[in-house]
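Undergrad: Take this sequence and fold it.
(one chain, ligands or ions: 1)
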Amino acid sequence: MTLAQQRLQFILGLRSAGITNARVLSAMEATPRDAFLDGIFRERAYEDRPLPISCGQTISQPSVVALMTQELDVQPRHKVLEIGTGSGYQAAILSRLARRIYTVERHTGLAKAAQDLFRRLDLANVTVIPGDGSLGLPAQAPFDRILLTAAAEDPPATLLAQLKPGGVMILPVGQSDTVQNLIKVIKSDDGFEYTELGEVRFVPLLAGVAKDPGN
Ligand code: SAH
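TA: Model prediction:
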């Protein structure tokens, strides 16, 4: 199969996995997943699997990225916070759906690589912040939408506080190495409403900044 055929199959696969939102499908179609992978993994970019990236991390499974994006219900005027930039793939998709994206990554090397890639892909509305995302991003808060792509043991109170009333946060919850649940939290005037979206597997949300060689 040629790359173009693989990309067509990829979008058809997302549709049959229940991704029906036209804006989400076109954002996924416009975002070349191979650009976010290195070396031999590029050839496997359009398989529906998580794949390794540098710093021992992973790019998420595309059907899970699509589901999270669809459930986040991002609108064109929204300001969105992502925790866990990783390869930058999820943030690149969000950048096509919202006005402004901030994404925080604890590995400085990954943060730099993602920011360079956004520049090359002309995605001017995404800013990568190297740092500990469990603290959120107080300087830019509050956010319309918050997405975590690393698993927390509980929805972090600091992040819930940085969500606007009516805002939505999606995150995997659970211990690493056990089954995690994808949770959708809606903030209302009188509290939070929680919905479980299904089982997932993400790397854990770790406190502090990573001590990478060369940082
Ligand atoms: N959204 C990514 C998937 C990244 S995997 C993509 O599309 O490729 C999760 C990422 O979360 C990893 O890169 C990991 O380093 C990062 N992470 C874990 N804990 C973090 C924290 N406290 N703050 C910021 N990033 C964190």
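
Undergrad: can you map out the helices along the protein?
TA: Assigned helices in the chain, in chain order: 3-16, 22-29, 62-72, 89-95, 108-120, 157-161 (criterion: DSSP state H).

Undergrad: to the chain's geometric centre, what's the distance from stretch 175-193?
TA: Taking the mean C-alpha point of stretch 175-193 and that of its whole chain, the gap between them comes to 15 Å (C-alpha atoms, centre = their mean, to the nearest Å).

Undergrad: In TSV, list the helices of the chain along with mean pLDDT and distance to residue 126.
TA: Backbone N, C-alpha and C define where each C-beta goes, glycine included. Conversion of the helices of the chain to TSV gives the following (pLDDT from 0 to 100; distance: least, C-beta to C-beta, whole Å):
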stretch	mean pLDDT	distance to residue 126
helix 3-16	93	22
helix 22-29	97	13
helix 62-72	98	14
helix 89-95	98	5
helix 108-120	97	5
helix 157-161	97	19
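
Undergrad: most packed of those helices?
TA: Scoring the helices of the chain by mean neighbour count under mean count of other C-beta atoms under 10 Å gives helix 89-95 as the most buried, with a mean of 25.

Undergrad: wait, does it make contact with the ligand?
TA: Yes. Using C-beta under 6 Å from any ligand atom, a contact is recorded between helix 89-95 and the ligand, made by 89-90.

Undergrad: on contacts alone, who are the packing partners of that helix?
TA: helix 22-29, helix 62-72, strand 79-83, strand 100-105, helix 108-120, strand 126-130 (3 or more C-beta pairs under 8 Å, 6 or more residues apart in numbering; DSSP states H and E).

Undergrad: show me what contacts the closest residue to residue 52 other than its chain neighbours?
TA: Once flanking residues are discounted, residue 52 sits nearest to residue 58: 5.9 Å by C-beta to C-beta, 6 or more residues apart in numbering. When contacts are counted by C-beta atoms under 8 Å, 6 or more residues apart in numbering, residue 58 touches 50-52, 86, 203.
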